[in-house]
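Chemist: give me a model of this one.
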Amino acid sequence: MRALRYHGPGDLRLQHDVREPECLPHQVKVRPAWCGICGSDLHAYLADKVIPLRDTPHPLTGETWPITLGHEFSGDVVAAGSDVSDLKVGDRVACQPTICCSKCPSCRQGAVNCCDSLGFIGLMGGGGGMSDYICVEARFAHKLPDSISYEIGALVEPLSVAWHALEQADVKPGDDVLIMGAGPIGLAVIQCLKARQMDGQIIVVELSAKRKEIARQCGASTVIDPREEDVVSRCRSLCDGQGPAVALECAGVPASINTACRAVRTKGLIVNVALWDEPVPIDLMPIVFGEKRMAAAVSLTASDFRAVIDALESGKLKVEGMITHRIKMDEVVAKGFEALMKEKDTTIKVLVDVRA
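Modeler: Reported below is the predicted structural model:
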């Protein structure tokens, strides 16, 4: 079968001779339809720090390079294992890419997203959405209603990351929220706030003209360009001289998280959503003297996945505007990864038509 394989930084190959996976009793076999390219994929393309498999196999998948890419995907169930009762051939699904042990203390308390051996399909083995077929655990294949297209189904994963971040942020009605960065996750956070009917101000910090425009379309109350305005001062002027109650760091830039720490009000909360390649220097004094709190959000859970699908089905989430490019499998490098690096101002979410 065909699969887009990661052989190391800058080395992606569309191979046509990859062995088709066999469906185990607890799995379903999925034929992917659409798959998104994520910032984590881009990090892996540029460096070897996101996929730590050059020398050591992942503890759960046992795989090293090359691995198949793609962890934001939708498709059809084409086979179901003997232990599977709630899915059948023909069901349309969005797949949760979680790889977990189900045995460690985190997993036992339901925090599979914090598993001691956490991994992600399409990044650390177990197949990937950029292939003709993939087998996934049935509990991580979520049915899509007929009203949700395959393309939107491929956005359920990044939307669930944003939904989970807001669960960690515990935003209350009336809370003003600051979002650092209007990339795919930042934009998803805006839309999830609207879907959850949060009525406070949504303040977004972003440099790109295109992303600023989409942020406004998604529901941002105010968009600040840090090159033109002092973010902390503007936030205080917007929020009764105090600053927002919550800030979510989605940019992955050290200056950005430090700005968030200074911008939130006394007793405010900063939630880190971004992934970091290197240790980040953070000035703790604004946190200490404001008795502010820091938290983090990593990945998602099955309940986040289901909540996002429900919000999409009800029409509370409308996310078509996030999709800026649709490409084919043999265009992933030139029109996907290269575009995300060289055309950041106009390239937001790239979806791959896996069947084309």
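Chemist: which residues sit in contact with residue 143?
Modeler: For residue 143, the contacting residues are 87, 91-93, 309, by Cβ atoms under 8 Å, 6 or more residues apart in numbering. Quick note: C-beta positions are derived from backbone N, CA and C, even for glycine.
Chemist: where does it land on pLDDT?
Modeler: Residue 143 carries a pLDDT value of 98.
Chemist: helices or strands up against the worst-scoring helix or strand of the chain on mean pLDDT?
Modeler: Among the helical and strand segments of the chain, the one scoring lowest on mean pLDDT, DSSP states H and E is helix 39-46, with a mean of 91. Packing contacts for helix 39-46, counted by 3 or more Cβ pairs under 8 Å, 6 or more residues apart in numbering; DSSP states H and E, involve helix 338-342.
Chemist: so which bits of the helix it packs on are buried?
Modeler: By 16 or more other Cβ atoms under 10 Å, the buried positions in helix 338-342 come out as 339-340.
Chemist: tell me which residue is most central in this structure.
Modeler: Taking Cα atoms, centre = their mean, the centroid of the chain lies closest to residue 158, which sits 3.2 Å from it.
Chemist: average pLDDT for the helix or strand where it lies, rounded please.
Modeler: Secondary-structure element containing residue 158, defined by DSSP states H and E: helix 156-169. Average pLDDT, helix 156-169: 98.
Chemist: give the buried residues for that helix.
Modeler: 156-169.
Chemist: turn the residues you listed into TSV, including distance to residue 34.
Modeler: What follows is the buried residues of helix 156-169, written out as TSV (distance: Cβ to Cβ, whole Å):
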residue	distance to residue 34
156	11
157	11
158	13
159	14
160	16
161	17
162	19
163	20
164	22
165	23
166	25
167	26
168	28
169	29
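Chemist: hmm, who's touching stretch 276-286?
Modeler: Under the contact criterion Cβ under 8 Å, 6+ apart, stretch 276-286 has outside partners 43, 47, 49-50, 252, 254, 257-258, 261-262, 292.
Chemist: which of the residues you listed sits closest to residue 21?
Modeler: Checking those against residue 21 by Cβ to Cβ gives residue 50 as the nearest, at 23.1 Å.
Chemist: circling back: which residues touch the residue nearest to the centre of the chain?
Modeler: By Cβ under 8 Å, 6+ apart, the contact list for residue 158 reads 36, 38, 72, 184-185, 188, 349.
Chemist: what ranges in this protein fall below the confidence cut-off?
Modeler: Scanning the chain with the threshold set as pLDDT under 70 gives 52.
Chemist: can you show me the helices along it?
Modeler: Counting by DSSP state H, the chain has helices at residues 39-46, 105-108, 150-153, 156-169, 184-195, 209-218, 231-238, 254-263, 285-289, 302-314, 338-342.
Chemist: of the ones you listed, which approaches residue 77 most closely?
Modeler: Here helix 150-153 is closest among the helices of the chain (Cβ to Cβ), at 12.8 Å.
Chemist: elements contacting the closest one?
Modeler: Helix 150-153 packs on strand 27-36, strand 72-80, strand 92-95, going by 3+ Cβ pairs under 8 Å, 6+ apart.
Chemist: wait, residue 169 sits on residue 246?
Modeler: Yes. Counting by Cβ atoms under 8 Å, residue 169 does reach residue 246; the two are 4.9 Å apart.
Chemist: residue 179 bridge partners, please.
Modeler: Under DSSP bridges, the beta-bridge partners of residue 179 are residue 204, residue 248.
Chemist: I figured it hits residue 204, correct?
Modeler: Yes. Using Cβ under 8 Å, residue 179 is in contact with residue 204, at 4.8 Å.
Chemist: in terms of neighbours, single out the busier of those two.
Modeler: residue 179 (31 against 27; other Cβ atoms under 10 Å).
Chemist: got a list of what the more buried one touches?
Modeler: Listed by Cβ under 8 Å, 6+ apart, the contact set of residue 179 reads 186, 189-190, 202-205, 220, 247-248, 250.
Chemist: residue 29 is nearest to which of the helices of the chain?
Modeler: Once these are compared by Cβ to Cβ, helix 150-153 is nearest, at 16.6 Å.
Chemist: which positions within that closest one qualify as buried?
Modeler: By 16+ other Cβ under 10 Å, the buried positions in helix 150-153 come out as 150-153.
Chemist: what is the nearest of these to residue 336?
Modeler: residue 151 (15.1 Å).
Chemist: what about the strands in the stretch 1-150 of the chain?
Modeler: For the stretch 1-150 of the chain, the strands defined by DSSP state E, counting those that start in this stretch occupy 3-6, 12-15, 27-36, 67-68, 72-80, 92-95, 98-99, 119-120, 134-137, 141-143.
Chemist: mind putting those in TSV, distance to residue 299 included?
Modeler: Formatted as TSV, the strands of the stretch 1-150 of the chain follow (distance: least, Cβ to Cβ, whole Å):
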stretch	distance to residue 299
strand 3-6	19
strand 12-15	23
strand 27-36	15
strand 67-68	18
strand 72-80	12
strand 92-95	14
strand 98-99	7
strand 119-120	7
strand 134-137	15
strand 141-143	15
